[in-house]
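Asks: All I have is the shape, not the residue letters:
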């Protein structure tokens, strides 16, 4: 067992979560519209998906990764349609969208939607496998080290979403009226654009 696997997992999870994409835009918009709790729940859905895909790569579950990659077109098709739906819905959301923190049902919905969206991109497995190989991070059949690596990935990814939800939530009071309308439109366009790209890849 090597404790450095946990530290490496933290760095990998944080670096994979950090690039801004449709999940980032969705998390930011939900934080501004509904508060930190909903934004954080959205981020935790993505962090859970990162953990699951990281586990597939860390434990060498090639049968699972191969099966998911073979179904990549169908997964991207479903994910693309869902992203387009979310993009249009977000773009058309009314300006006065700020509400108090949602009840449990809203938190579960926020978590589940980003979990599903992130899982709909099996290329994430390849990204983890490439990063692990590039950094020379291999558990070598040691399940404890692999578990530490996966735990680090989850906490590293989670740390990024905590930073996003807390940071964006601190500026939430500044976004009212017309400014929130532009946030909705901008986030909607970004999300829909990623959905269109996913659809093009799936149909190609």
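Replies: Thanks, I have the structure now. Model, not experiment: these values are computed from the prediction. Numbers count the residues shown, from 1 in each chain.

Asks: Could you check the pLDDT of residue 64?
Replies: Predicted confidence (pLDDT) for residue 64: 66.

Asks: ok, for residue 52, nearest residue in space, not its chain neighbours?
Replies: Distances taken as CB to CB, 6 or more residues apart in numbering place residue 119 nearest to residue 52, at 7.1 Å, with adjacent residues excluded. Yep, even glycine has a C-beta here, placed from its N, CA and C like the rest.

Asks: Same check on residue 31?
Replies: Counting by CB to CB, 6+ apart, the nearest residue to residue 31 once its immediate chain neighbours are dropped is residue 39, at 2.9 Å.

Asks: Tell me the spacing between the nearest residue to residue 71 once chain neighbours are set aside and residue 56.
Replies: On the basis of CB to CB, 6+ apart, the spatially nearest residue to residue 71 that is not a chain neighbour turns out to be residue 122, at 7.2 Å. Distance of residue 122 to residue 56, given as CB to CB, to the nearest Å: 9 Å.

Asks: What of residue 89?
Replies: Distance from residue 89 to residue 56, counting by CB to CB: 31 Å.

Asks: of those two, who's got more company?
Replies: The neighbour count for residue 89 versus residue 56, taken as other CB atoms under 10 Å, is higher for residue 56 (20 against 13).

Asks: and the more buried one, what pLDDT?
Replies: In the predicted model, residue 56 carries a pLDDT score of 84.

Asks: got it, and residue 18?
Replies: At residue 18, the model reports a pLDDT of 85.

Asks: and the nearest residue to it once chain neighbours are set aside, what does it touch?
Replies: Here the nearest residue to residue 18 in space, its sequence neighbours aside, is residue 160; by CB to CB, 6+ apart that works out to 5.4 Å. The neighbours of residue 160, taking CB atoms under 8 Å, 6 or more residues apart in numbering as the test, are 13-14, 17-18, 43, 47.

Asks: if you set the cut-off to 7 Å instead, what comes out?
Replies: Residue 160 makes contact with 14, 17-18, according to CB atoms under 7 Å, 6 or more residues apart in numbering.

Asks: Next: residue 53.
Replies: The neighbours of residue 53, taking CB under 7 Å, 6+ apart as the test, are 124-125, 128.

Asks: Please check the residues you listed and keep the buried ones.
Replies: Those of these that meet the buried threshold are 124-125, 128, by 16 or more other CB atoms under 10 Å.

Asks: in the longest helix anywhere in the chain, what's buried?
Replies: Among the segments of the chain that qualify as a helix by DSSP state H, the longest is helix 143-170. By neighbour count, with 16+ other CB under 10 Å as the criterion, the buried positions of helix 143-170 are 145-162, 164-165, 168-169.

Asks: before we move on, back to that, and of the contacts of residue 160, the nearest to residue 77?
Replies: Residue 77 has its nearest neighbour among the contacts of residue 160 in residue 17, at 24.3 Å by CB to CB.

Asks: how near is the residue nearest to residue 18 to residue 50?
Replies: Residue 160 sits 10 Å away from residue 50, going by CB to CB.

Asks: who touches both of the two?
Replies: Contacts common to residue 160 and residue 50, judged by CB under 7 Å, 6+ apart, are residue 17.
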